[in-house]
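J.: Sequence below, structure please.
(2 chains)
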Number of protein chains: 2
Amino acid sequence: MRIGILGGTGPAGKALAARLASVGFDVVVGSRSKYRAMEVVDKLLEQWSDRRLPIGAGDNAQAADADVVVIATPWDGATQTAVSVEDRLRGKVVVSMANALTKLGKEFQPLVPPRGSVAASVQAAVPHCLVAAALHHVPAKELGDLRHPVESDVLICSDHEPAVEVTSDIVGRIPNIRPLNAGELAMATPIESFTAVLLQLNMHYKTRVALKLTGISEAVAPTAAGAATSEGDGSGAAPVAGAPASAKAAAGRKGNGSSGAAAAAEPPA
Amino acid sequence: MRIGILGGTGPAGKALAARLASVGFDVVVGSRSKYRAMEVVDKLLEQWSDRRLPIGAGDNAQAADADVVVIATPWDGATQTAVSVEDRLRGKVVVSMANALTKLGKEFQPLVPPRGSVAASVQAAVPHCLVAAALHHVPAKELGDLRHPVESDVLICSDHEPAVEVTSDIVGRIPNIRPLNAGELAMATPIESFTAVLLQLNMHYKTRVALKLTGISEAVAPTAAGAATSEGDGSGAAPVAGAPASAKAAAGRKGNGSSGAAAAAEPPA
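T.: I've put the predicted structure just below:
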């Protein structure tokens, strides 16, 4: 599968390009200037010269010709960039990963874009594509450092079931990343804005945090997309699994040592 | 320390009362009707009759006489309830834990209350108290089940440093809960609305999730409040600790088996 990244020359786009290529996807890094894309891709390939990453460079139109397209521009360019290649996006899954944030004093604070989120703005501007919001909470530096796995949950939301499925499949190929189906595209509002909280924690604790949710058993999570299709039984809110499920999830959770080896936590006594 | 819980007869309030009492706090469950509070407290004490929990009952005014006051009403009653006991809250730390949510079809979606969050609405309505937003993401059922620890991070934000410190100290006394300083009260907007995402995941995966963030080393986290005071050095955004910090955090993270025993993850190779 070929994945194009619009605005792929920024930190998030570069990191995602390297990581996706490292797990076997053909990646096209797009930019308004194809020369800028070429420069960035050459540097990426040089940085990981021992890995033969399948990454190409192009303008945004060339990136938009891929099977699945990720928008990795700054948030205020996302809609405009999508519209600029609208015809090429028709019918495709388009992944929006931008967060609308501003820095007020020492703190990052979320902005509310038109329609509540960047992803919803893109979906409204390019209605014939299938927008999924995803990858907002994965720290770019860790995502781009192929020497270590990234331990993170990735929340995915969309109004289109195939977009959730395709995005889950792609993200789920990255070791130690767990895709989670977070519902309709309306959820992009709290998901995007929550990034401000993570950045705030990064500043405060001088680190880079990533999101993990407890209580979802590892047995369930890989079927993120599948579970979605069985959602219609109306019993979703029923607390089928309480504390035992937590314990199960804990027991099955992978360790995130830099070796990437799975390390089961001690089972409950 | 005595902790009063306004509107403490709902699921969140009851659960918090039991949990705080179980770690040694004197708790007063308040309600508009003190008889309703008495009924709820009697049931709680009966449920945990082997534990001698120090929980009393009263009306909201009596609960507001405590040293620290938690507002556990439904979100749309939080401001009004705070104002009803305004004089008693003067100068005190007041913890807002409500989330403004609505159910649209099968999905929970966040509402935006006046001033962006329930907590900011309360702070504006009762300006002489020190509001902290906290405890939004802890599942009530797990919080109230004293047989098992709750494995969760608790994001705390406030415009008043002492409110963060006091709330961190209280929350940090609960085993396996980690208080995190999430910055100014403006952060209550994304923190509260993110609860909708967690509820959505609960419905979808038929479980109850809780929040954990990776990348913050266990050595740093307990000093949540302390770290806040050293924040003014302006170097907050510097990535002092990258992937190694992640690995350290992973190695130091506690297992959450239902035994509550710490189980170190496998150290990085």
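J.: hang on, residue A:167 is in a helix, isn't it?
T.: Yes - assessed by DSSP: H, G, I helix; E, B strand; the rest coil, residue A:167 belongs to a helix.
J.: who's in contact with it?
T.: When contacts are counted by C-beta atoms under 8 Å, 6 or more residues apart in numbering or on different chains, residue A:167 touches A:68, A:93, A:95, A:132, A:134, A:156, A:158, A:179. Backbone N, C-alpha and C define where each C-beta goes, glycine included.
J.: Would you mind giving those residues as CSV with secondary structure and distance to residue A:114 added?
T.: Converted to CSV, these look like this (DSSP: H, G, I helix; E, B strand; the rest coil; distance: C-beta to C-beta, whole Å):
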residue, secondary structure, distance to residue A:114
A:68, strand, 25
A:93, strand, 22
A:95, strand, 19
A:132, strand, 19
A:134, coil, 20
A:156, strand, 22
A:158, strand, 18
A:179, strand, 27
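J.: tell me, which of the residues you listed make contact with chain B?
T.: Under the cut-off given by C-beta under 8 Å from any C-beta of the partner chain, chain B has nothing from those close to it.
J.: Could you tell me which of these count as buried?
T.: Buried subset of the contacts of residue A:167 (neighbour count, 16 or more other C-beta atoms under 10 Å in any protein chain shown): A:68, A:93, A:95, A:132, A:134, A:156, A:158, A:179.
J.: would JSON lines of those residues with pLDDT be doable?
T.: Listed next are the buried ones among the contacts of residue A:167 as JSON lines, based on pLDDT from 0 to 100:
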{"residue": "A:68", "pLDDT": "98"}
{"residue": "A:93", "pLDDT": "98"}
{"residue": "A:95", "pLDDT": "98"}
{"residue": "A:132", "pLDDT": "98"}
{"residue": "A:134", "pLDDT": "98"}
{"residue": "A:156", "pLDDT": "98"}
{"residue": "A:158", "pLDDT": "98"}
{"residue": "A:179", "pLDDT": "98"}
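J.: where along chain A do the strands fall?
T.: Along chain A, the segments classed as strands by DSSP state E run A:2-6, A:26-31, A:55-59, A:68-71, A:93-96, A:101-104, A:107-110, A:130-133, A:152-158, A:177-181, A:210-214.
J.: Counting by contacts, list what the last one packs against.
T.: What that stands for is strand A:210-214. Contact here means 3 or more C-beta pairs under 8 Å, 6 or more residues apart in numbering or on different chains; DSSP states H and E; on that basis strand A:210-214 packs against strand A:152-158, helix A:243-252, strand B:210-214.
J.: rank the ones you listed by mean pLDDT and give me the bottom one.
T.: Lowest mean pLDDT within the helices and strands packed on strand A:210-214: helix A:243-252, a mean of 33.
J.: Is any residue of stretch A:185-193 near chain B?
T.: Yes - against chain B, stretch A:185-193 shows contacts by C-beta under 8 Å from any C-beta at A:186-187, A:189-191, A:193.
J.: quick one: which of those sit in helices?
T.: A:189-191, A:193 (DSSP state H).
J.: what's around residue A:127, how many residues?
T.: 11 (other C-beta atoms under 10 Å in any protein chain shown).
J.: Distance of residue A:197 relative to residue B:6?
T.: Per C-beta to C-beta, to the nearest Å, residue A:197 is found 25 Å from residue B:6.
J.: More neighbours: those two, which one.
T.: residue B:6 (30 against 27).
J.: need the contact list for that one.
T.: By C-beta under 8 Å, 6+ apart, the contact list for residue B:6 reads B:30, B:60, B:63-64, B:69-73, B:81-82, B:85.
J.: and stretch A:162-176, which residues are buried?
T.: Quick answer for stretch A:162-176 (16+ other C-beta under 10 Å): A:163-168, A:170-175.
J.: Which of those residues sits closest to residue A:108?
T.: For these, the closest approach to residue A:108 (C-beta to C-beta) belongs to residue A:171, at 24.0 Å.
J.: looking at it, that closest one is touching residue A:165, isn't it?
T.: No - the pair residue A:171 / residue A:165 is not scored as a contact, 11.1 Å apart, by C-beta atoms under 8 Å.
J.: Would you mind listing where the stretch 151-269 of chain A has pLDDT under the threshold?
T.: The stretch 151-269 of chain A contains residues with pLDDT under 70 at A:218-269.
J.: With respect to chain B, which of the buried residues of stretch A:162-176 is nearest?
T.: residue A:164 (10.4 Å; C-beta to the nearest C-beta).
J.: returning to that earlier point: distance to residue B:10 added to the contacts of residue A:167, as a markdown table?
T.: As requested, the contacts of residue A:167 are exported to a markdown table (distance: C-beta to C-beta, whole Å):
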| residue | distance to residue B:10 |
| --- | --- |
| A:68 | 44 |
| A:93 | 41 |
| A:95 | 39 |
| A:132 | 35 |
| A:134 | 34 |
| A:156 | 32 |
| A:158 | 33 |
| A:179 | 33 |
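J.: Which positions in the stretch 1-150 of chain A make contact with chain B?
T.: Residues of the stretch 1-150 of chain A lying near chain B (C-beta under 8 Å from any C-beta): A:104, A:106-107, A:109-110, A:139, A:141-142, A:145, A:147-148.
J.: repeat that for 6 Å
T.: A:107, A:109-110, A:145, A:148 (C-beta under 6 Å from any C-beta of the partner chain).
J.: Top of these by number of neighbours, please.
T.: Top of these by neighbour count (other C-beta under 10 Å): residue A:110, with 25 neighbours.
J.: Just list whatever residues bridge to that one.
T.: residue A:101 (DSSP bridges).
J.: That one against residue A:193, yeah?
T.: Yes - using C-beta atoms under 6 Å, residue A:110 is in contact with residue A:193, at 3.5 Å.
J.: Mutual contacts of those two, please.
T.: Taking C-beta atoms under 6 Å, 6 or more residues apart in numbering or on different chains as the contact rule, residue A:110 and residue A:193 both touch residue B:190.
J.: next one: phi and psi at the most centrally placed residue in chain A?
T.: The centre of chain A sits closest to residue A:135, judged by C-alpha atoms, centre = their mean, with a distance of 1.9 Å. The phi/psi pair for residue A:135 (degrees, to the nearest 10) reads phi 70, psi 20.
J.: Surely it is in contact with residue A:97?
T.: Yes - at 4.1 Å, residue A:135 and residue A:97 qualify as touching, with contact defined as C-beta under 6 Å.
J.: quick revisit: out of the ones in helices among the residues of stretch A:185-193 next to chain B, the closest to residue A:25 would be?
T.: For those, the residue nearest residue A:25 by C-beta to C-beta is residue A:191; the value is 23.2 Å.
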